[in-house]
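**Student:** Sequence and computational prediction follow.
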Amino acid sequence: MTRPIYYEMTPGDWGGGEHCGLVVEPASKARAALWCGRGVGPESWPDGFRKLPRHPYQFSDAYETPRLLILPRKSGKAPNDCFFYGGLWFISRRFKEAIEEIDPGACDIRPAETIMPDGAPGPEYYICSVTRMLEAKNVVDVERSEGLQIVQLPTGSLDYRMPSFSDFEFKALPNAIRFFRVAEFGQSVFCDFDTKKRLQAGKFKGVHYSRMGKR
């Protein structure tokens, strides 16, 4: 049986600015608080730390449309297709269409307001949250994850610890699952090998893929 291969999707560029062509501009302190630090601590979880089905990456009734400033890049290239921000993504229309085609049930995608430095409307971008949240007990291959320690926290949840995060081995998940998060793994988003291959073929800018499991 072929061993499944999964990847953590990480920023191709760290931070915003001219190098990636995108900057988030919160219009208010309330809006800034809404988008930053999601899922980091127990207070972010509505029903208790890491208790599903509700979780911090589902947009709440307090949702406000985010604003994205589009900056000219010194290189003259277009802004990145994906910009990571507080566990969420800002994505181009082309990237949005690819995600929806690959795994239509994995994400909540909503329009973002975009402006140019002179105040004119910017190109079409969206805010995207991967809302499919799985539990580590259903994802992590305990037998193959050498060095794994499972520790029960005071909150009652389990903490999965490895010497290196990328050494976690995942079980084979159903084919319909292409994008997902793991409740015990913070802001991380994962995808399978076929999804990585399709996105790389589309030459989307702003995403890096880190393989999970020992090589």
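**Tutor:** Arrived safely, thanks for sending. Numbers count the residues shown, from 1 in each chain.

**Student:** can you map out the strands along the protein?
**Tutor:** 6-11, 22-24, 67-70, 82-85, 88-92, 107-111, 113-115, 125-130, 133-134, 149-152, 158-161, 179-182, 189-192, 207-211 (DSSP state E).

**Student:** of all those, which lies closest to Gly41?
**Tutor:** Closest of those to Gly41 is strand 158-161, at 13.6 Å (criterion: Cβ to Cβ). Just so you know, the C-beta spots here come from the backbone N, C-alpha and C atoms, and that holds for glycine as well.

**Student:** sorry, back to before: worst average pLDDT in the strands of the chain?
**Tutor:** If you rank the strands of the chain by mean pLDDT, strand 22-24 sits at the bottom with a mean of 64.

**Student:** Nearest the geometric middle of the chain, what residue?
**Tutor:** In the chain, the residue lying closest to the centroid (Cα atoms, centre = their mean) is Val189, at 4.3 Å.

**Student:** Distance check, it against Ile99.
**Tutor:** 11 Å (Cβ to Cβ, to the nearest Å).

**Student:** got the strands of the chain as JSON lines, with distance to Val140 columns?
**Tutor:** Putting these into JSON lines (distance: least, Cβ to Cβ, whole Å) gives the following:
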{"stretch": "strand 6-11", "distance to Val140": "11"}
{"stretch": "strand 22-24", "distance to Val140": "32"}
{"stretch": "strand 67-70", "distance to Val140": "35"}
{"stretch": "strand 82-85", "distance to Val140": "23"}
{"stretch": "strand 88-92", "distance to Val140": "24"}
{"stretch": "strand 107-111", "distance to Val140": "23"}
{"stretch": "strand 113-115", "distance to Val140": "38"}
{"stretch": "strand 125-130", "distance to Val140": "18"}
{"stretch": "strand 133-134", "distance to Val140": "10"}
{"stretch": "strand 149-152", "distance to Val140": "9"}
{"stretch": "strand 158-161", "distance to Val140": "6"}
{"stretch": "strand 179-182", "distance to Val140": "8"}
{"stretch": "strand 189-192", "distance to Val140": "11"}
{"stretch": "strand 207-211", "distance to Val140": "15"}
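
**Student:** and of those strands, who's closest to Arg54?
**Tutor:** Of all the strands of the chain, it is strand 133-134 that lies closest to Arg54, at 9.2 Å by Cβ to Cβ.

**Student:** So what touches the closest one?
**Tutor:** Outside strand 133-134, the residues within contact range by Cβ atoms under 8 Å, 6 or more residues apart in numbering are 52-53, 55, 57, 173, 177, 180-183.

**Student:** same question, stretch 144-157
**Tutor:** 42, 48-51, 140, 142, 158-163, 167-169, 183-184, 213-214.

**Student:** in the sheet, who's paired with the residue nearest to the centre of the chain?
**Tutor:** On the basis of DSSP bridges, Val189 is bridged to Met9.

**Student:** if we can go back for a sec, most neighbours out of the contacts of strand 133-134, which is it?
**Tutor:** Taking other Cβ atoms under 10 Å as the neighbour criterion, Arg181 ranks highest of the contacts of strand 133-134 with 24 neighbours.

**Student:** looking at it, that one is touching Glu135, isn't it?
**Tutor:** No. In terms of Cβ atoms under 8 Å, Arg181 does not count as a neighbour of Glu135; the distance is 10.4 Å.

**Student:** gap between the residue nearest to the centre of the chain and Lys96?
**Tutor:** In this structure, Val189 and Lys96 are separated by 15 Å, where distance is defined by Cβ to Cβ.
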